[in-house]
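Visitor: What follows is a predicted protein model with its sequence.
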Amino acid sequence: VRLDVEVYGEITQHDVKVLELSALKGVFEDVVDETVSYVNAPLFAQERGVEVRLTTSSESTEHRNVVTVRGTLSGGEEISVSGTLAGPKHQQKLVAVGDHDIDLALADHMAFFSYGDRPGVVGTVGRILGEAGINIAGMQVSRATAGGEALVALTVDDTIPAAVLTEIKGEVGATSARSVNLQD
């Protein structure tokens, strides 16, 4: 029902409207049957009653620049992801997923698992992916408090099949399991 694009840091000295349009295009590409462009993406949002807000501030407390895309679903649940460019090579990094701080290079194939924090989860995820022949390229575990909700964010070399994702979710008791493929 709402898409917020929040842009912080030095980048706001430039016109950042394209970031809002890019987020809208990304949201609707897999939702509508028509081709989605930067021109018609706002029309798709308007037709569906999706409120779109762009927020900018030259202040950024933890990163030189950071962009957060936050979606609010009809039930009130918010889903968000934040990213930045890091270092002299401007490496694309995820720095937050929801309320979890992470530091993970963006990759073509990624997965995210939310679960109750406890020992053995990382080993279980690694074992199941290894048995499926899927190599883990990078992994980050984040939690706010010991025993609270935790997040495993990982990059892998190949798409994780739905059955493997379901197996991991079941074995670790994940409340959420998502695979993201940025490569077509």
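Guide: That came through, no problem.
Visitor: low-confidence ranges in this protein?
Guide: Flagging of the chain using pLDDT under 70 yields the residue ranges 184.
Visitor: And for Val16, the neighbour number?
Guide: 17 (other Cβ atoms under 10 Å). Where you see a C-beta, it was placed from the backbone N, CA and C, and this is true even at glycine.
Visitor: I figured it was touching Ser57, is that so?
Guide: No - in this structure, Val16 is not within contact of Ser57 by Cβ atoms under 8 Å, at 11.0 Å.
Visitor: Please enumerate the shared neighbours of these two.
Guide: Val7 (Cβ atoms under 8 Å, 6 or more residues apart in numbering).
Visitor: quick one, helices of the protein?
Guide: 17-29, 41-47, 121-131, 162-172 (DSSP state H).
Visitor: Reformat those as CSV; add mean neighbour count and distance to Ala96.
Guide: Below are the helices of the chain laid out as CSV (neighbours: other Cβ atoms under 10 Å; distance: least, Cβ to Cβ, whole Å):
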stretch, mean neighbour count, distance to Ala96
helix 17-29, 17, 15
helix 41-47, 15, 24
helix 121-131, 16, 20
helix 162-172, 16, 22
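Visitor: what's the closest of those helices to Thr72?
Guide: helix 17-29 (11.9 Å; Cβ to Cβ).
Visitor: who's in contact with the closest one?
Guide: Against helix 17-29 from outside (Cβ under 8 Å, 6+ apart): 3, 5, 7, 36-38, 41-42, 44-45, 50, 52, 54, 67, 69, 71.
Visitor: how far away is Gln46 from His63?
Guide: 32 Å (Cβ to Cβ, to the nearest Å).
Visitor: on that earlier part again, and which of the contacts of helix 17-29 is nearest to Val156?
Guide: For the contacts of helix 17-29, the nearest to Val156 is Val69 (22.2 Å; Cβ to Cβ).
Visitor: residues contacting that closest one?
Guide: Per Cβ under 8 Å, 6+ apart, neighbours of Val69: 3-6, 23, 80-82.
Visitor: how about the strands in the chain?
Guide: 2-9, 51-57, 65-72, 78-86, 91-97, 100-105, 109-116, 136-143, 149-156, 176-181 (DSSP state E).
Visitor: Next, the angle strand 51-57 makes with the third one.
Guide: With axes from the mean of the first three to the mean of the last three Cα atoms, to 10 degrees applied, the angle from strand 65-72 to strand 51-57 works out at 160 degrees.
Visitor: Could you give the bridge partners of Asn65?
Guide: Gly9 (DSSP bridges).
Visitor: switch to numbering from 42
Guide: New numbering, starting at 42: the last item is Asn106.
Visitor: Fine, thanks again, bye for now.
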